[in-house]
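Trainee: Pasted the sequence and its predicted model underneath.
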Amino acid sequence: MKLISTRNSGEKIQASKATLQGIAPDGGLYVPEHFPNIEKIGDIVGMSYSSLCAKVLGLFFDDLNDLESLTESAYKCFDGEDKAPLKKISENSYILELWHGPTLAFKDMALCVLPRLMTAAMDKKSDKDILILVATSGDTGKAALEGFCDVERTKIVVFYPDEGVSEMQRLQMVTQKGSNTHIVAVKGNFDDAQNGVKELFTDKDFIKKVEKRGFTFSSANSINFGRLAPQIAYYIWSYFQLVKRKEIKQGDHINFAVPTGNFGNILAAYYAKKMGLPIAKLICASNKNNVLTDFFRKGEYSLERDFHKTMSPSMDILISSNLERLLFELVDRDSQKVKDMMKSLKLNKKYNIDKQAVKKIEDDFFADWCSEEETSNSIKDTLHEKGYLMDTHTAVAQCVYQKYRETGDKTKTVIVSTASAFKFPKDVLESLGYDTEGLSAFYLAQQLSEETGTALPRQIIELESKRILHEKTIETDGLREAVLDII
């Protein structure tokens, strides 16, 4: 399987090589030259999760061997036999829990796999090591740090927005061990960090300096195809779990409701649909930073809006990088149109798509958003009415799903749960009516456990005793110097 760039540098490369590069030389994102059909996988119902993931990866990484051993090794760090539990909460709705990995967030589903993909793809004769640069809105950073910790011939630098992540997310990152791990706070928001990292990937002078020091670039963000591909697997997995349980018949269509920020998670679902998975609607759920909702409704993507810090910080994003991959499909893979839109976004802070592209969106997607009050109510109502405790991001998806139900569609729907509630104990407890003023994150996590009768995850218990190891903070224009200092 060859990959091509959304901005068409003319290059066609193996998925393994694209994973090592992270981003195309022309600044575009790598996408499959064509979409393989999931029928090639075989009998999915009887497979383990790691076996299914290996089969999905094999459709793209056909130049790598023994993917089954790779994925089996990757998921050993997950709690329990079921890597992605699917729980029924009503007649037509289910919760897909993607946070049973080491960092209690869905990013583990891919970032336990990515380092192994990179290691398998590396040219053992090369004298250059891999420098992983990551911008995070909260969860990607810790998951990437955990995945790459002490992996040979790699060094990882994570940039996160200062005061733009939850206390648990911050502590998970700044206590990270590993001789090759580096964490830096940026005085700005996630978009500032992400834009800074993307600029480094195309800065030729900077790249030369990095190469002289013995490194080549890559990324662990979902702009990297090797990070995106493993995420396709859990959509296919959840569908066939419903088949296995006789909740649906094979061939029946279902919906997915996905809390969305950088657009990678829901894009993986879109790719699964392109590969033949019977998906009716992809429900794109946003918080108050509702740039995607406006885009899907009006066909205009505009950054001329306020940035909001919310209780769902991993979705506090205005520039959704993976949307470029969807645009590529919406304009029938016309790379010049994609380049023009990306140029307009940079120069004019907005771009538009035509009516034909809007119609394509309407066929596949439903988009809406939730206010902070609605998100809180979603947490409270779901716990009281269904006995299910959810985090602030999953609550956004549940909230928007309830809005979608007003269309009259009764199709069975899987709500994608992206993080444990214990990563956001302050906001979850406040949503449930508790006073949290002046209380530590760990005390609040214990209170949340006691008040809801939910076991406190071992990851949170272990985190409390860890020592802070990373305290570096930089201005938004300081990423270049910070990386050079580190290497």
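Mentor: In hand now; what should we look at?

Trainee: excluding its backbone neighbours, what's nearest L64?
Mentor: A120 (5.1 Å; C-beta to C-beta, 6 or more residues apart in numbering). Heads up, the C-betas are built off the backbone N, CA and C, glycines and all.

Trainee: Now that neighbour: which helix or strand?
Mentor: Here A120 sits within helix 114-121, counting by DSSP states H and E.

Trainee: Counting by contacts, list what that helix packs against.
Mentor: If contacts are counted by 3 or more C-beta pairs under 8 Å, 6 or more residues apart in numbering; DSSP states H and E, helix 114-121 sits against helix 15-21, helix 67-74, helix 139-148, helix 225-244.

Trainee: Give me the angle between the helix or strand following it and helix 139-148.
Mentor: As assigned by DSSP H and E, the chain's next helix or strand after helix 114-121 is strand 129-135. Orientation of strand 129-135 against helix 139-148 (axes from the mean of the first three to the mean of the last three C-alpha atoms, to 10 degrees) gives an angle of 160 degrees.

Trainee: Counting by contacts, list what strand 129-135 packs against.
Mentor: Applying 3+ C-beta pairs under 8 Å, 6+ apart, we find strand 129-135 packed against helix 139-148, strand 154-161, helix 190-201, strand 215-219.

Trainee: May I have the second one as PDB, with CA atoms only?
Mentor: As requested, the backbone C-alpha atoms of strand 154-161 are provided in PDB (Å, rounded to 0.1, in the frame of the first residue of the first chain):
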ATOM      1  CA  THR A 154      14.400   7.800  19.800                       C
ATOM      2  CA  LYS A 155      14.100  11.100  21.600                       C
ATOM      3  CA  ILE A 156      10.700  12.600  22.300                       C
ATOM      4  CA  VAL A 157       9.800  16.300  23.000                       C
ATOM      5  CA  VAL A 158       6.200  17.100  24.100                       C
ATOM      6  CA  PHE A 159       4.900  20.700  24.100                       C
ATOM      7  CA  TYR A 160       1.700  21.400  26.000                       C
ATOM      8  CA  PRO A 161      -0.300  24.600  26.600                       C
END
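
Trainee: re earlier: give me the distance from the helix holding A120 to the chain's centre.
Mentor: 18 Å (C-alpha atoms, centre = their mean, to the nearest Å).

Trainee: Return the set of buried residues in that helix.
Mentor: 114-121 (16 or more other C-beta atoms under 10 Å).

Trainee: would you turn those residues into TSV with distance to S50 and pLDDT?
Mentor: Shown next, in TSV, are the buried residues of helix 114-121 (distance: C-beta to C-beta, whole Å; pLDDT from 0 to 100):
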residue	distance to S50	pLDDT
L114	15	95
P115	16	93
R116	12	94
L117	14	94
M118	18	93
T119	17	90
A120	15	92
A121	19	90
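
Trainee: Columns distance to S371 on top of those, output as JSON lines?
Mentor: What follows is the buried residues of helix 114-121, written out as JSON lines (distance: C-beta to C-beta, whole Å):
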{"residue": "L114", "distance to S371": "35"}
{"residue": "P115", "distance to S371": "38"}
{"residue": "R116", "distance to S371": "41"}
{"residue": "L117", "distance to S371": "39"}
{"residue": "M118", "distance to S371": "40"}
{"residue": "T119", "distance to S371": "44"}
{"residue": "A120", "distance to S371": "45"}
{"residue": "A121", "distance to S371": "44"}
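
Trainee: Which member of those is positioned nearest S320?
Mentor: L114 (20.2 Å; C-beta to C-beta).

Trainee: measure the closest one to T140 for me?
Mentor: L114 sits 11 Å away from T140, taking C-beta to C-beta, to the nearest Å as the criterion.

Trainee: repeat for E329
Mentor: Distance, E329 to T140, using C-beta to C-beta: 24 Å.

Trainee: picking that back up, with C399 as the reference, name the closest of the helices and strands packed on strand 129-135.
Mentor: Across the helices and strands packed on strand 129-135, closest to C399 is helix 139-148 (C-beta to C-beta), at 19.6 Å.

Trainee: what sits against T411?
Mentor: By C-beta atoms under 8 Å, 6 or more residues apart in numbering, the contact set of T411 is 92, 253-255, 280-281.

Trainee: What ranges in the stretch 101-250 of the chain fall below the confidence cut-off?
Mentor: For the stretch 101-250 of the chain, applying pLDDT under 70 flags the ranges 124-125.

Trainee: One more pass at 90, please.
Mentor: In the predicted model of the stretch 101-250 of the chain, residues 122-128, 137-140, 163-164, 194, 198, 201-202, 217-219, 221-222 satisfy pLDDT under 90.

Trainee: For stretch 372-390, the averaged confidence score.
Mentor: The average pLDDT for stretch 372-390 rounds to 98.
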